[in-house]
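Undergrad: model the structure of this input:
(one chain, ligands or ions: 2)
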Amino acid sequence: MNDILPDASPVWQYLEAQVRAVLDQYGYREIRMPVVEPTALFKRGVGEHTDIVEKEMYTFEDRGGDSLTLRPEGTAGCVRAAMQHGLLHNQVQRLWYAGPMFRYERPQKGRYRQFHQIGAETFGMASADIDAELIVLTARLLSNLGLSEHVTLHLNTLGSSEARAEYRNALVAYLEGVADQLDEDSKKRLHTNPLRILDSKSDTTQQLLNDAPVFDDFLDAESREHFQQLCALLDGAGVSYVINPRLVRGLDYYSRTVFEWITDSLGAQGTVCGGGRYDGLVPQLGGKETPAAGFALGVERLILLLETLEKIPSSVFATLDAYFILAGDSATREGFKLAERLRSEIPGLRLQLNCGGGSFKSQMKKADKSGAPLALILGDDEVAQQQLTIKPLRDDREQVQCGFDAATSQLRTLLAG
Ligand code: ATP
Ligand code: MG
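TA: Ligands and ions are numbered 1, 2, ... in the order given. The predicted model follows:
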């Protein structure tokens, strides 16, 4: 679990603002859920035989004896909240959330025990247009971030639950014949979660799968058509994709569409965003039949990618406009007042006052270190004349002197470039 320190938080704020702006463009509304839920919600929602439930949850008993779990993902809680507050009855919803998720995983690059996701969930829309919307939204975001050339969209359909069940049987029958050659994880999954074997990381297992039955032979006609409609919408929108028949997702609730945005710039932890359709989840959690689809993106991985590819605009780190140097007692008093006046008169001005005194030289050093493009300088002598000096620190423009009453307009002019 990581601390996000002040030097790093501008990047988080930049990414969050970018995601928010795109979600706003598509009319998604924010929902905020608690970070703990009853353990049973994840067992039923995410699935008993998923990695998450089997070995990754932070589960504890509270003082009342109830079993609670720190949320390992956002979808189950979002569905719970939407059901509980009647958001699903006869209506369509486009929701988003952001926040920490918790999984007891082996920590490594791109994999942490507290990590952050921004997710979107939609309810009440069964047709492929909403699947396509979720994907073009994520494509737009990745493009805005300058990442388009470094990510690939992998797309698959998991069909109906009936088609999946039939395929599952055929796959298990085939894999039982070669069970002794499977990797250890896949052996375990053979009778609990055999579809997950399809995206096994083991080369031998992937080899064995070359002769396995293929899902396409089992895909139901309606799901096939749904998938074709999705592909047609993406083609029309100019979003390219790779159809990857071995893409299954780690969570049990998916049906029909699944997708992942994958990068090869981060090593093994290459999935920066994943999502799909989960029509079965609401009824599984006790609600009425409700079509649903969504995605979640991993904030840490996107930040790693932005950093690795040097895609973070330098303006992101500029957190101050000006640093105010005050030399002397009366300068401190008058400067304090003037700073307040400037903050009131220039909305959004990011002005840091030198507090705690210090020599002119040491204050100048702090101004330099602050990253601010301008220093405001006031000494006791200038106070008498009501004169402020504004000194550009990052370019070779001349410093200017002005009366207190002209400080607002001078500062505006210098900030404008
Ligand atoms: P993976 O196969 O990489 O473990 P997943 O299928 O478990 O991913 P999801 O539950 O779909 O992941 O979560 C969506 C996204 O959240 C992932 O694509 C990834 O970017 C991010 N993510 C998942 N687990 C972690 C983690 N432990 N640390 C950091 N980011 C994570
Ligand atoms: Mg995982």
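
Undergrad: C-alpha from now on. contacts and neighbour counts both.
TA: Will do.

Undergrad: might you report the residue contacts of residue 73?
TA: 101-102, 117 (Cα atoms under 8 Å, 6 or more residues apart in numbering).

Undergrad: who's in contact with stretch 267-281?
TA: Taking Cα under 8 Å, 6+ apart as the rule, stretch 267-281 contacts 45, 109-111, 131, 253-264, 289-299, 301-302.

Undergrad: pull the distance from that stretch to the chain's centre.
TA: Distance of stretch 267-281 from the chain centroid (Cα atoms, centre = their mean, to the nearest Å) equals 12 Å.

Undergrad: re earlier: ligand 1 next: which of the contacts of residue 73 are close?
TA: Restricting these to those near ligand 1 by Cα under 6 Å from any ligand atom leaves residue 117.

Undergrad: what subset of the contacts of residue 73 is buried?
TA: Listed as buried from the contacts of residue 73 are 101-102, 117; burial here means 16 or more other Cα atoms under 10 Å.

Undergrad: just these now: which is nearest ligand 1?
TA: Ligand 1 lies nearest to residue 117 out of the buried ones among the contacts of residue 73, by Cα to the nearest ligand atom, at 5.9 Å.

Undergrad: that closest one - nearest residue in space that isn't next to it in sequence?
TA: Leaving aside its chain neighbours, residue 117 sits nearest to residue 298 (4.8 Å; criterion: Cα to Cα, 6 or more residues apart in numbering).

Undergrad: could you list the residues in contact with stretch 305-322?
TA: Residues contacting stretch 305-322 (Cα under 8 Å, 6+ apart): 10-11, 14, 145-147, 265-266, 349-352, 370-376, 415.

Undergrad: filter those residues down to the ones in helices?
TA: In helices, defined here by DSSP state H, the members of these are 10-11, 14, 370, 415.

Undergrad: just to revisit the earlier point, among the contacts of stretch 305-322, which ones are buried?
TA: 10-11, 14, 145, 147, 266, 349-352, 370-376.

Undergrad: which SS state does residue 219 fall under?
TA: Under the three-state scheme (DSSP: H, G, I helix; E, B strand; the rest coil), residue 219 adopts coil.

Undergrad: any idea whether the residue of the stretch 301-417 of the chain found nearest ligand 1 is helix, strand or coil?
TA: Residue nearest to ligand 1 within the stretch 301-417 of the chain: residue 301 (5.6 Å; Cα to the nearest ligand atom). Secondary structure state of residue 301, per three-state DSSP, is helix.

Undergrad: so who does it touch?
TA: 110, 269, 271-272 are the contacts of residue 301 under Cα under 8 Å, 6+ apart.

Undergrad: so which of the residues you listed is the closest to residue 125?
TA: Here the nearest of the contacts of residue 301 to residue 125, counting by Cα to Cα, is residue 272; it sits at 25.0 Å.

Undergrad: could you point out the helix or strand that follows the helix or strand bottoming out on mean pLDDT in the chain?
TA: Ranked by mean pLDDT, DSSP states H and E, the weakest helix or strand in the chain is helix 51, scoring a mean of 87. Per DSSP states H and E, the first helix or strand lying C-terminal to helix 51 is strand 58-61.

Undergrad: could you give me the buried positions within whichever helix or strand comes after that following strand?
TA: As assigned by DSSP H and E, the chain's next helix or strand after strand 58-61 is strand 67-70. Buried residues in strand 67-70, defined by neighbour count with 16+ other Cα under 10 Å: 68-70.

Undergrad: any chance of the residues you listed in CSV, plus distance to ligand 1?
TA: CSV is the format used below for those (distance: Cα to the nearest ligand atom, whole Å):
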residue, distance to ligand 1
68, 19
69, 16
70, 13
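
Undergrad: okay, these in JSON lines with pLDDT next?
TA: Formatted as JSON lines, those follow (pLDDT from 0 to 100):
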{"residue": "68", "pLDDT": "98"}
{"residue": "69", "pLDDT": "98"}
{"residue": "70", "pLDDT": "98"}
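
Undergrad: picking that back up, format the contacts of residue 73 as CSV; extra columns: pLDDT and secondary structure.
TA: Formatted as CSV, the contacts of residue 73 follow (pLDDT from 0 to 100; DSSP: H, G, I helix; E, B strand; the rest coil):
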residue, pLDDT, secondary structure
101, 98, strand
102, 98, strand
117, 98, strand
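
Undergrad: so which of the contacts of residue 73 comes closest to residue 385?
TA: Distances from residue 385 to those, taken by Cα to Cα, are shortest for residue 117, at 54.9 Å.

Undergrad: ok, now how distant is the closest one from residue 98?
TA: Using Cα to Cα, to the nearest Å, residue 117 is found at 6 Å from residue 98.

Undergrad: likewise for residue 277?
TA: Look at residue 277 and residue 98: by Cα to Cα, they are 19 Å apart.

Undergrad: equivalent analysis for residue 55, please.
TA: For residue 55, the distance to residue 98 - Cα to Cα - is 24 Å.

Undergrad: of those two, who's got more company?
TA: Of the pair residue 55 and residue 98, residue 98 is the one with more neighbours under other Cα atoms under 10 Å, namely 21 against 12.
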